[in-house]
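*Asks:* Sequence plus predicted model, see below.
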Amino acid sequence: MTVSIAPANLDAEDFRGLIGAHKALMLETTPPESSHALKIEAMRAPDLTVWEMRDGDKLVGCGALKSLSDGKSGEIKAMHTVAQFRRGGLGKSMLRHILSAANERYYSKLYLETGSQPAFQPARTLYESHGFVSCGPFGDYREDPNSVFMVKALA
């Protein structure tokens, strides 16, 4: 598999379908009031950069980086790999791409919110393996038993 990462085409039918599937999956495991998965319209925000991963012309995943209001830190958003391609290193590739972009922007910290349920354990393990540690809520988030907040200090 030869995967490329490029800016996402938010108007592409397959990308819109992927985001819809991502949001639906999040709602299967997380109560609606605790689900922070972005809808496609929210991905057009000027403080958000969205990437897609493709194997040739087949969409296999996505990820995004949001600039936080302090201008010195960012948040990982919309990390998703199509189910049939999970456990193949694609999440790691997207995470490394986002980390590189955060470093290029000279961010001092990179945050994320993910679920606390067992279904999210692979994601938490991936983030921990790249130096993320638990932290309290950041930005507009509030303490929530369905959420795990993580941060990584950047060089």
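*Replies:* Perfect, thanks for sending it. Residues are numbered from 1 along each chain as shown.
*Asks:* which secondary element of the protein has the worst mean pLDDT?
*Replies:* Every helix and strand in the chain was compared by mean pLDDT, DSSP states H and E; the lowest is helix 13-29, with a mean of 90.
*Asks:* I'd say Phe15 and Ala8 touch.
*Replies:* Yes. Checked against C-beta atoms under 8 Å, the pair Phe15 and Ala8 is within contact range at 5.7 Å. For glycine as for every other residue, the C-beta is placed from the backbone atoms N, C-alpha and C.
*Asks:* hmm, back to that, pairing partners for the helix or strand just after the least confident helix or strand of the chain, with directions?
*Replies:* Next helix or strand after helix 13-29 toward the C-terminus (DSSP states H and E): strand 48-55. Using DSSP bridges, strand 48-55 pairs in its sheet with strand 3-7 (antiparallel), strand 58-67 (antiparallel).
*Asks:* Show me what the least confident helix or strand of the chain is packed against.
*Replies:* strand 58-67, strand 73-81 (3 or more C-beta pairs under 8 Å, 6 or more residues apart in numbering; DSSP states H and E).
*Asks:* For the longest one, buried residues please.
*Replies:* Of the residues in strand 58-67, those with enough neighbours to count as buried (16 or more other C-beta atoms under 10 Å) are Leu59, Val60, Gly61, Cys62, Gly63, Ala64, Leu65, Lys66, Ser67.
*Asks:* With stretch 86-99 instead?
*Replies:* Leu90, Gly91, Ser93, Met94, Leu95, Ile98, Leu99.
*Asks:* circling back: include mean pLDDT and distance to Met1 when you put the helices and strands packed on helix 13-29 into CSV, please.
*Replies:* Output for those, formatted as CSV (pLDDT from 0 to 100; distance: least, C-beta to C-beta, whole Å):
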stretch, mean pLDDT, distance to Met1
strand 58-67, 96, 8
strand 73-81, 94, 12
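*Asks:* Alright, that wraps it up for me.
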